[in-house]
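Engineer: Turn this into a structure:
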Amino acid sequence: MTPLSEIAERAARGTLWHALAQGTVMLSAYVVAVVLARSLGPAAYGVYGLVYSLLLTVELVGRLGIPQATSRLLAETPGDTSRLEATGFGLALGVYLGLFVGFWLLAPELARLFGLDPASGSRLLRLAALDIPVFGLFFMAVHVLNGHRAFAREACAQIVYALAKAFGILLLALLGASIEGALLVNVAGSLLGLLLLFRLLGRVRLALDPAWLGRILTLALPIGLTGLGTQVTTGVDLWSLGLFGTVPEEVRGHYVAALGIARMPNLLAFVLTAVLIPSLARALAGGEIATARRTLEASLRFLALTLLPGCVVVAIEAEPLIVLLFSEAYRSGGPLLRLLILGHGLANTLFVASTAVLIAIGAQHAAALLALLAVPTAFLANALLVPVLGATGAATAAILVPAMMTTAAGLLLHRRLGLDTLPGLLRRAMVPIGGLALVAAAIPTSGLWLLGELALLALLWPPLALAVGLLGQEDLALLRRPVRTRAVH
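Structural biologist: Numbers count the residues shown, from 1 in each chain. Predicted structure coming up:
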C-alpha cells in the first residue's frame, strides 16, 4: 500500500501554495454565496446564480487551453522566454476581447433563451461581461507565474483576488445588496488581482510571435477541448431549468444554493491533479510504469478517505446543512443538495480528475473526446428529465452524465496502467463509510448542533478506516512529523 505521505511530500514542494490559494478561493466563494443568498433571497439569488454561471463558463471555456499551454512551455524552456510570454498575453487578450464583444451583443438573446426577463436580464449579463477581459488577463498572468514556478507569488495574487471579492460582498451587504452590485464587485476583485500580478511580473508585453504562436496553439487544442467539455457539462443542469422547463425563481435559488455546497469537493480535484499530473508525466517519461501505477492507486485511496465519506455525510445531512448555511428560506433545497452532492460533488470531481490524469499519461485526445461527448449527453439527459421532474430531473442528470464518463475514463486508465487494486479498495471503503452513514443518520441535529455532529463524525472516521486497512500507520506518521519542504523562489 503506497503511503499517502508520498503524495503529501510531493504536494509540499510547490503544490502546497496551490492548495492554500485554491482553499482561499473556495472559502471566499462560500462567503460570497452565503452572504448573497441571505441578502438577496431565493428568487434574486437564483437570477444572480444563473448570470454568474454563464459568465464563469464563458471565462473558463474561453481560456482555450492557452494559459495552460503557455505555462507548460515556460516550464520547459530555458533562457529568455519574453517572446513566449508576450505571445501568450497577446493571444489571451485577443480571445477575451472577442468573447466580451460577443457576450455583450448576445446578451438579450441569452436572457430570453435562459428564461430571464429580456430587459433586466440583458442588463445584468452586460454588467457581468465587464469582467471577461480583466479575468482573462488575470488568468494568463497567474499561469505565467506558474510556468516560472513562482508558486508563492502566484498564490498571493489568487488569495488577494479571492479576499477582495469576499470583503467587497460583505461591504455590499452592509450597504444594501443587489445583483448589479455583486457583479460589479466581481469585476473589482479581478481588477485588483490583475494589478497585483502586473506588479509582480514587471513590464507586460503583447506580441504574436509566429514560432511561439504555433507551439502554443498545438499544445492548447486538446487542453482547450477538454476544458470546454467539462465546463459546459458542469453548467448544463442549472441552465436547463430555463431551457427545458419553467421553474419558479425561488426553486432556481434553492438549486443555486445547493450547488454552492455540492461543488465544494471539486477543490480535491484541483489540488490532487496539481500533484498527480507532474508526478505521472515524470514517471512515465522515465519508463517507470509501476511507479505511475502506485502513485495513481495512492491517489485513489486518498479520494476514498476524503471524497467518498464527505459526500455521503453531506447527502445524509443535506437539509439541516443548507438551512444552517443559507437560512430557513432555503430548506426546500435539501432534497436537491442530496442529489447534487452525488453529482457535482462526487461524480463530477472524479470526472474532472480522470480527464486530467488521461492528459498526464499522454491520452489527451481521449480526454478531449470524453469531455466533448459529455456535452450532448448532458443536454439530452436534461431535455428528457427536466420537463418531467423539474429541478429534480436536472439534479438527476448531474449524477448520470459524469458517472458514465468517469466509468469510461476509468476503463481507459485501467487499459493503460492497470488498476487491479481498485475493486478491493472500494470493498474496503464501503464498510467504514456504511458505519459512518449509520451514525450520521442516527443523530438528528440542526443549527449549530450540526457542527458538533460533523466534528464527531470526523473523529470517528480515522479509527473506522484504520480497522479495515483503508488507512495505514505509515499514513498517520505524516501527522506526527513535519513535512520537509524546499523553498520556492
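
Engineer: Lowest-scoring secondary structure element of this protein by mean pLDDT?
Structural biologist: Of all helical and strand segments in the chain, the minimum by mean pLDDT, DSSP states H and E falls on helix 4-10, at a mean of 48.

Engineer: can you list the weak-confidence ranges in the protein?
Structural biologist: Residues of the chain meeting the criterion pLDDT under 70: 1-19, 75, 149, 268-286, 419-422, 472-489.

Engineer: How far off centre is stretch 407-419?
Structural biologist: In terms of CA atoms, centre = their mean, to the nearest Å, the centre of stretch 407-419 is found 23 Å from the chain centre.

Engineer: next one: stretch 287-307
Structural biologist: With CA atoms, centre = their mean, you get 20 Å for stretch 287-307.

Engineer: in it, what counts as buried?
Structural biologist: Using 16 or more other CB atoms under 10 Å as the test for burial, stretch 287-307 gives 291-305, 307. Heads up, the C-betas are built off the backbone N, CA and C, glycines and all.

Engineer: swap in stretch 91-102?
Structural biologist: 91-92, 95-96, 99-100.

Engineer: What residue spans form the domains of the protein?
Structural biologist: Domain segmentation of the chain under automatic domain parsing yields 1-208, 223-483.

Engineer: who wins for proximity to residue 217 among the ones you listed?
Structural biologist: Closest to residue 217 of the domains of the chain, according to CB to CB: domain 1-208, at 7.8 Å.

Engineer: List just the nearest of the buried residues of stretch 287-307 to residue 55.
Structural biologist: Among those, and counting by CB to CB, the member closest to residue 55 is residue 307, at 27.6 Å.

Engineer: Spit out the contact partners of the closest one.
Structural biologist: 265, 268, 345-346, 349-350 (CB atoms under 8 Å, 6 or more residues apart in numbering).

Engineer: for these, which one is nearest residue 258?
Structural biologist: Of the contacts of residue 307, the one sitting nearest to residue 258 (CB to CB) turns out to be residue 345, at 10.4 Å.

Engineer: looking at it, that closest one is touching residue 263, isn't it?
Structural biologist: Yes: taking contacts as CB atoms under 8 Å, residue 345 lies within contact range of residue 263: 6.9 Å.

Engineer: higher neighbour count, those two?
Structural biologist: residue 345 (27 against 21; other CB atoms under 10 Å).

Engineer: All the strands of the chain, in order from the start?
Structural biologist: In the chain, no strands are found when defined by DSSP state E.

Engineer: what residues does stretch 218-234 touch?
Structural biologist: 57, 60-61, 63-66, 68-69, 72-73, 344, 348, 351-352, 355, 359, 364-365, 367-368, 370-375, 378, 401-402, 405.

Engineer: would you turn the domains of the chain into TSV with distance to residue 214?
Structural biologist: Putting the domains of the chain into TSV (distance: least, CB to CB, whole Å) gives the following:
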stretch	distance to residue 214
domain 1-208	10
domain 223-483	15
